[in-house]
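J.: quick one, what's the 3D model for this:
(one chain, ligands or ions: 2)
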Amino acid sequence: MKPFRYVRPASLAEAAEAHGGRPGSAYLAGGTNLVDLMKLGVARPDTLVDVARLLPAGVEATAPGGVRVGAGVRGTDLAAHPLAGARCPVLAQALLSGASGQLRNAATTGGNLLQRTRCGYFQDVSKPCNKRDPGSGCAALDGVNREHAVLGHSPLCVATHPSDLAVALSALDAEVEVTGADGIRTVPLDGFLRLPGERPDQDTTLRHGELVTAVLLPPGAFGAPSAYRKARDRASYAFALASVAAVLETRDGLVSRIALAFGGLAHRPWRARAAEERLLGERPTAEAVRAAVDAELAAARPLRDNAFKVLLAGNLARHVLAGLAGPARD
Ligand SMILES: Cc1cc2nc3c(=O)[nH]c(=O)nc-3n(C[C@H](O)[C@H](O)[C@H](O)COP(=O)(O)OP(=O)(O)OC[C@H]3O[C@@H](n4cnc5c(N)ncnc54)[C@H](O)[C@@H]3O)c2cc1C
Ligand code: SF4
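T.: Numbers count the residues shown, from 1 in each chain. Ligands and ions are numbered 1, 2, ... in the order given. Reported below is the predicted structural model:
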């Protein structure tokens, strides 16, 4: 591991100053991803600014009926919180399907969204990787790419985003609160996490030196039937091969509200807008759900080893939506 300077500032203002927006600086929250990447030589910060004790760590109700989750809230606490996870099945199920109990005790809400891809070539500094070393190439394109993207990838990068929480937040239309030198801004989650395009080295639209300070859940996040389902290689901790977060409400047997997001398929959670449009206002019969999910996944461009993900994701989505539709599907 490269030697680094460790700073533990007393306030967020001091943290911003210590970080200084310099390319060699990095914020440290739970450390469960960053420290691993430092040990592998993938991340090589010269200054670590520890913000773990400074980040907002509360979950608060907001005036319009939403909830503000501080970026420092740990996964375990968010999953069980009476204002958040305990009221919102898709959120709690996504959090509890991620990592292990020990990791969830340490991992923060902000760090979870900002964790890096688990692409094996990204983590192996002997291999070319445009995300780690822009312009060097992508070893996964013609390599072992069973776990890689089937949607929204570019010729420069076919990595997936590893977060389960992010998939639930996408289906809940959550926003990310970002604090920087220019003040506070909020960004919809889908505008915060990026597709790779020409710049796979940039996972998010966060500017260097900015801090994620909270995640904002809108009023509609609560009360509607919702669920998260994840397929992975083993039942104990493992990242998603494919996952589905869904919110589905019916009125008089017709779909009155729907949100569907896939995980494990793309560089960010994949919000299934085409499927949603097809189902809204319709009776959620098995045939209607199948047609909608198939229409969404028609955009998939599988790589050599991962065509199975399209079938897997489709089956997960159909199963989850059928469960949420209940009797309205008949
Ligand atoms: C064995 C293992 C299995 C795992 N399995 C899963 C899984 O199945 N599903 C899943 O979702 N996750 C999984 N994880 C990932 C885990 O959830 C993340 O490592 C964790 O959420 C990261 O949070 P952290 O607070 O430890 O972040 P850190 O490691 O401290 O930081 C991660 C990155 O975010 C930056 N950062 C952190 N907080 C902020 C902030 N507030 N503002 C700006 N930048 C910030 C850091 O600089 C760093 O670049 C797994 C991890 C391990 C080690
Ligand atoms: S898929 Fe992306 S992260 Fe993986 S090797 Fe290619 S460029 Fe790097």
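J.: looks like G197 contacts P155 (just checking).
T.: No. The criterion here is Cβ atoms under 8 Å, and G197 misses it with P155 at 10.1 Å. Heads up, the C-betas are built off the backbone N, CA and C, glycines and all.
J.: which stretches of the chain form helices?
T.: Residue ranges of the helices in the chain, as given by DSSP state H, are 12-19, 34-40, 75-80, 89-96, 101-106, 109-114, 165-171, 189-192, 273-279, 286-297, 308-325.
J.: mean confidence score for stretch 70-78?
T.: The pLDDT scores in stretch 70-78 average 98.
J.: who touches that stretch?
T.: 29-30, 51-59, 69, 81, 84-85, 91, 95, 98-99, 101, 103-112, 165, 177, 211-215 (Cβ atoms under 8 Å, 6 or more residues apart in numbering).
J.: what's the answer for stretch 128-148, then?
T.: Around stretch 128-148, the neighbours that count as contacts under Cβ under 8 Å, 6+ apart are 42, 116-122, 124-125, 127, 155-160, 196, 199-201, 203, 239, 241, 264, 303-306.
J.: among these, which ones lie close to ligand 2?
T.: Contacts with ligand 2 within the contacts of stretch 128-148, counted by Cβ under 6 Å from any ligand atom: 117, 119, 121-122, 157-159, 200.
J.: just put those in a markdown table and tack on neighbour count, distance to ligand 1 and pLDDT.
T.: Below are these laid out as a markdown table (neighbours: other Cβ atoms under 10 Å; distance: Cβ to the nearest ligand atom, whole Å; pLDDT from 0 to 100):
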| residue | neighbour count | distance to ligand 1 | pLDDT |
| --- | --- | --- | --- |
| T117 | 26 | 11 | 98 |
| C119 | 25 | 14 | 98 |
| Y121 | 25 | 18 | 98 |
| F122 | 24 | 13 | 98 |
| C157 | 25 | 17 | 98 |
| V158 | 27 | 19 | 98 |
| A159 | 26 | 15 | 98 |
| P200 | 25 | 16 | 98 |
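J.: state the pair within the residues you listed that is farthest apart.
T.: Of all pairs drawn from those, the widest gap by Cβ to Cβ lies between Y121 and P200 and measures 11.8 Å.
J.: take the ones next to ligand 2 among the contacts of stretch 128-148 and keep only those in strands.
T.: In this view, those have no member that belongs to strands under DSSP state E.
J.: list the residues that contact the nearest residue to V215 once chain neighbours are set aside.
T.: With sequence-adjacent residues excluded and distances taken as Cβ to Cβ, 6 or more residues apart in numbering, V215 is closest to V69, at 4.6 Å. Residues in contact with V69 (Cβ under 8 Å, 6+ apart) are 59, 78, 84, 109, 214-217.
J.: with L279 instead?
T.: 255, 258, 288-289, 292, 321.
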